[in-house]
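Trainee: return atomic coordinates for the entry below.
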Amino acid sequence: MTSRETLIRLKRLQVDDKRRKVTQIELMISEFERAAGDLDREIRAEQDRARVHDPSHFAYPTYAKAAMQRRENLKCSAADLKSQLEDAKGALAEAFEEVKKVEPLAASAPDAADGKINATPDPTRPAKSDATGGFYLPSPAPTYEPDL
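Mentor: Here you go, the predicted model:
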């Protein structure tokens, strides 16, 4: 494996890692929002059961107070994660741009071993021979698009 191939592979792995991070953050946000919704329902049920809806009332259920605090904590955590998500999406876009810059260089750069361009043809496409007897692909290298 040449250094160009290693570089491309490294850049693609970085993109995949950043994509996984974005997905993880999105999953955590949705879980926090779901849990906050569940707590809303539990709070309403507890208030209905106790027939007290005013948190300052002396008979207000302790469980409802604790659930309200937990819900607020989840909402704050989800808001923090949303800012992290924007940062992670920006890092993913930057990593993707780096891959797009490196791939064309590897497709057009001569192979260090024999000085030929893309000495190994792609078996799925018809290869053409250049003047030195080496093979090259008639179209540019495939691009790597992230799922944003």
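Trainee: for the rest of this, base every contact and every neighbour count on C-alpha atoms.
Mentor: Will do.
Trainee: nearest residue to Glu26 other than its sequence neighbours?
Mentor: With Cα to Cα, 6 or more residues apart in numbering as the criterion, Glu26 has its nearest non-adjacent residue at 7.2 Å, and that residue is Leu85.
Trainee: so how many other residues sit close to that neighbour?
Mentor: 19 (other Cα atoms under 10 Å).
Trainee: where does this protein dip in pLDDT?
Mentor: Scanning the chain for pLDDT under 70 picks out the ranges 1, 105-148.
Trainee: now do the strands in this protein.
Mentor: With DSSP state E, the ranges of strands along the chain come out as 128-129, 135-136.
Trainee: ok so, going back, my guess is the residue nearest to Glu26 meets Gln24, correct?
Mentor: No. Applying Cα atoms under 8 Å as the test, Leu85 and Gln24 come out as separate, 9.3 Å apart.
Trainee: tell me, what's touching those two both at once?
Mentor: Counting by Cα atoms under 8 Å, 6 or more residues apart in numbering, Leu85 and Gln24 have no common neighbour.
Trainee: show me the contacts for Leu85.
Mentor: By Cα under 8 Å, 6+ apart, the contact list for Leu85 reads Val22, Ile25, Glu26.
Trainee: just curious, which of those is nearest to Arg44?
Mentor: Nearest to Arg44 among these, counting by Cα to Cα, is Glu26 at 27.4 Å.
Trainee: can you give me the neighbour number for that closest one?
Mentor: 17.
Trainee: quick check: it vs Glu86, distance?
Mentor: The gap separating Glu26 from Glu86 is 10 Å, by Cα to Cα, to the nearest Å.
Trainee: and for Glu5?
Mentor: Glu5 is 30 Å from Glu86, where distance means Cα to Cα.
Trainee: not counting sequence-adjacent ones, nearest residue to Leu7?
Mentor: Closest to Leu7 by Cα to Cα, 6+ apart is Val102, at 7.8 Å.
Trainee: let me fix that, I meant to ask about Pro55.
Mentor: Lys65 (7.2 Å).
Trainee: is it correct that the one you found is in contact with Ser56?
Mentor: No. Using Cα under 8 Å as the test, Lys65 is too far from Ser56 to be in contact (9.8 Å).
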